[in-house]
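Student: Sequence first, then the predicted structure, then my questions.
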Amino acid sequence: MQKILVVDDEHEICDFVQAFFKERGFHVFTALNGDEAISIAKKEKPELVLLDIKMKGMDGLAVLKHIRELDKFIKIIMVTALEDQDKMHEAYKLGAIDYITKPLILDYLEETVGRNLKVAL
């Protein structure tokens with residue numbers, strides 16, 4: 001069973017995305033902050049991380065750096081409410097493979113995750 005880690009400081013988004021991908025057969029972990037995300041990534045080694053850029057405390061770019069240091073093969077998709085080209089450019093330089101914008105559109109979220117994991121959902 002493939003593992004996905006959802007990192008967002010909004011509890012409702014974590015719960016919503018977790019339920020959505022659990023229904024599709026994934027094992028889904030959630031983290032509400034950067035430290036929790038790094039700990040889960042280290043322990044569970046997910047195939048894919050959906051990582052919010054703007055969070056309280058450690059932001060998504062810092063979390064991305066830490067996860068990349070742990071495992072360069074984890075696929076990381078950044079999630080952002082505002083399209084910020086500078087931050088996205090930085091995220092790509094740090095190893096992000098894609099990004100999606102909020103509000104999350106389920107069809108696009110599903111297609112993006114499926115494409116990056118190379119699975120049909």
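Tutor: Now that the structure is in, tell me what you want to look at.

Student: Across the sheet, point out what pairs with His27.
Tutor: Beta-bridge pairing for His27 (DSSP bridges): Lys3.

Student: since we're on it, how many residues are nearby?
Tutor: 14 (other Cβ atoms under 10 Å). Backbone N, C-alpha and C define where each C-beta goes, glycine included.

Student: what separates it from Lys3, distance-wise?
Tutor: In this view, His27 and Lys3 are 5 Å apart by Cβ to Cβ, to the nearest Å.

Student: try Thr101
Tutor: Taken as Cβ to Cβ, the span from Thr101 to Lys3 is 24 Å.

Student: Mind checking which of the two has more residues around it?
Tutor: Per other Cβ under 10 Å, whichever of Thr101 and Lys3 has more neighbours is Lys3, with 18 against 13.

Student: Pretty sure Phe29 is one of the things that one touches, is it not?
Tutor: Yes: here Lys3 reaches Phe29: they are 6.8 Å apart, a contact under Cβ atoms under 8 Å.
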